[in-house]
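J.: after the sequence you'll find the predicted model.
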Amino acid sequence: MKLHKHFPPYLAQLVFMDKDGIIKKITSLDYDLFLWLIYNTHKQYSKDSSLYFEFTYKDVKDSFSKSMNTDKIKSSLKKLGELTLYCNILQSYADKEKIRIKPFEIEIITATNNISYGFSVKTSQEFMEWFNNPSPKVDVNYDIIYTLKPTMAKLLYLFLRDANGAYKNTLRKRNVDIQNLRHMMNIYDSTTTNSNFITQLKKSIETINKKSDIDVGYKVVKKRNLKSGISEITEIKFTIKLNENKLFEQKVQEKPSQNVASEPDEKYGLEDYINERVDEAYQEAVENGVNIKNINSYKDGIRKKLIADGIESDYKLLVYLEEQKEIVRNSVPDNQAYRIIHKDENNPYNSFSFTNEGLIETIIDKKILTNSIDKTIEYLQISKDTFNFTFLKSSYAEEYNLSRL
């Protein structure tokens with residue numbers, strides 16, 4: 001996606017709470033959508049000072065994955081609409097005080113046919129102004145945060161990326177009280193011991209060191225409790241160093257798989273993709289006035305037909321193209337519309353793209369070369385040694401939905 005946003009530093013010291021001031025558990029999807037909402041609302045606010053916005057679920061999926069489950073998106077949005085942010089927990093910035101703000105009011109919009117296609121978002125001028133040239137600021141790379149899992153890794157990355165500041169070649173240090181760190185990492189229940197928390201923290205640091213642009217070290221500080229006689233964890237000492245070349249070096253070293261027919265990565269969720277297609281077919285039937293007496297039975301029939309028609313092949317192609325798009329995006333020079341194409345190394349004029357039906361189409365004369373997704377996969381497999389994926393300037397026309405970067 002190549003999305004960057006300048007964040008106010010006090011947002012890196014964040015606790016999510018409900019209206020009663022109780023810390024609210026946040027999932028990885030919740031946090032990704034939280035960042036997505038910030039980016040997209042402020043983008044429009046910067047143009048026309050809007051404070052009210054409407055988005056479709058397709059808008060969300062186009063940014064993440066078309067196989068995302070709509071019900072999960074709705075559930076996450078409802079939660080985000082009820083949250084209050086407590087920022088500047090360490091009281092490092094602004095007036096050295098904790099800041100409380102409600103970022104979004106979110107409503108799931110239901111159409112007259114009782115189907116929801118999207119949602120509305122209301123925010124405040126105060127919250128939007130936070131992102132207008134904040135000083136000091138932390139440069140947040142959404143591409144990095146979206147790849148980090150679990151949720152703690154996302155939260156920790158933002159906190160430590162802010163602590164590093166703009167220092168590129170300097171080892172920075174940040175000492176944090178264990179209780180404050182637990183709260184900022186969305187760990188608040190007493191059943192999670194400090195030792196267990198450190199175990200989770202260690203895994204998040206390993207992920208950050210592997211998948212981000214900073215290198216992190218840490219040291220656990222203990223102090224003996226004079227009443228119990230037990231040494232208790234009181235503080236974590238972090239070291240942070242920016243390493244902007246790390247991700248680039250990893251991409252150069254990693255050789256992407258060219259096996260189109262290999263088993264897709266489980267993280268993409270074949271079952272989620274099937275459910276999504278079932279929901280879409282069901283909603284289309286409702287819109288067309290089909291009389292459905294038993295919803296579950298009708299959906300089960302759709303599912304069986306999709307499986308019989310080879311939906312797993314659809315899924316494999318979708319996953320494969322998304323993997324190749326991720327590689328190609330690193331070479332895209334700007335934020336204009338582009339689509340992925342396959343180009344012959346020996347003949348640059350011999351290149352093709354993909355229709356929304358997953359068929360291969362020549363660029364020059366729009367000739368269809370395959371008659372099924374299985375044939376497309378077979379064609380890609382045969383031509384992998386002479387063709388390379390690259391990009392072509394495109395438009396936002398619907399005919400390029402599948403191939404658009």
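T.: Okay, I see it. Not measured: the values here are computed from a predicted model. Numbering: from 1, shown residues only.

J.: and the one helix or strand residue 377 maps to, C-alpha only, in PDB?
T.: In this structure, residue 377 sits in helix 373-383 according to DSSP states H and E. In PDB, the C-alpha atoms belonging to helix 373-383 read as follows (Å, rounded to 0.1, in the frame of the first residue of the first chain):
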ATOM      1  CA  ILE A 373      -8.600 -20.200 -14.000                       C
ATOM      2  CA  ASP A 374      -7.000 -23.600 -14.000                       C
ATOM      3  CA  LYS A 375      -5.700 -22.900 -17.500                       C
ATOM      4  CA  THR A 376      -4.400 -19.500 -16.300                       C
ATOM      5  CA  ILE A 377      -2.500 -21.200 -13.500                       C
ATOM      6  CA  GLU A 378      -1.100 -23.800 -15.900                       C
ATOM      7  CA  TYR A 379      -0.100 -21.000 -18.300                       C
ATOM      8  CA  LEU A 380       1.700 -19.100 -15.600                       C
ATOM      9  CA  GLN A 381       3.500 -22.200 -14.500                       C
ATOM     10  CA  ILE A 382       4.700 -23.000 -18.000                       C
ATOM     11  CA  SER A 383       5.800 -19.400 -18.700                       C
END
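
J.: mean confidence score for that helix?
T.: pLDDT averaged over helix 373-383 equals 81, rounded to a whole number.

J.: in that helix, what counts as buried?
T.: Within helix 373-383, the residues that count as buried by 16 or more other C-beta atoms under 10 Å are 373-374, 376-377, 379-380. C-beta coordinates here come from the backbone N, C-alpha and C atoms, glycine included.

J.: just checking, what packs against it?
T.: Applying 3 or more C-beta pairs under 8 Å, 6 or more residues apart in numbering; DSSP states H and E, one finds that helix 373-383 makes contact with helix 311-328, strand 360-362.

J.: between helix 373-383 and the first one, find me the angle.
T.: To tie it back to what came earlier, the one meant is helix 311-328. Angle between the axes of helix 311-328 and helix 373-383 is 40 degrees (criterion: axes from the mean of the first three to the mean of the last three C-alpha atoms, to 10 degrees).

J.: centre of the chain to helix 311-328, how far?
T.: Relative to the mean C-alpha coordinate of its chain, helix 311-328 is positioned 17 Å out (C-alpha atoms, centre = their mean, to the nearest Å).

J.: who's in contact with the helix or strand following that helix?
T.: Downstream of helix 311-328, the first helix or strand assigned by DSSP H and E is strand 338-344. By C-beta atoms under 8 Å, 6 or more residues apart in numbering, the surrounding residues in contact with strand 338-344 are 321, 324-325, 328, 332, 350-354, 360, 363, 380, 383, 386-394, 400, 403-405.

J.: please apply the same query to stretch 14-26.
T.: Taking C-beta under 8 Å, 6+ apart as the rule, stretch 14-26 contacts 34, 79, 82-87, 89, 151, 155, 158, 183-184, 186, 188.

J.: minimum pLDDT in those, which residue is that?
T.: residue 188 (80).

J.: list the contacts for residue 90?
T.: Residue 90 neighbours (C-beta under 8 Å, 6+ apart): 13, 176, 180.

J.: among the residues you listed, which lie within strands?
T.: Residues of the contacts of residue 90 located in strands (DSSP state E): residue 176.

J.: out of the contacts of residue 90, who's nearest residue 273?
T.: Closest approach between the contacts of residue 90 and residue 273, by C-beta to C-beta: residue 13, at 37.4 Å.

J.: surely the closest one meets residue 159?
T.: Yes: contact between residue 13 and residue 159 holds when scored by C-beta atoms under 8 Å: they sit 6.6 Å apart.

J.: joint contacts of the two?
T.: In contact with both residue 13 and residue 159: residue 184, using C-beta under 8 Å, 6+ apart.

J.: now which of the contacts of strand 338-344 would you call buried?
T.: 321, 324-325, 328, 351-354, 360, 363, 380, 387, 389-392, 394, 400, 403-405.

J.: what about residue 127, which SS state?
T.: helix (DSSP: H, G, I helix; E, B strand; the rest coil).
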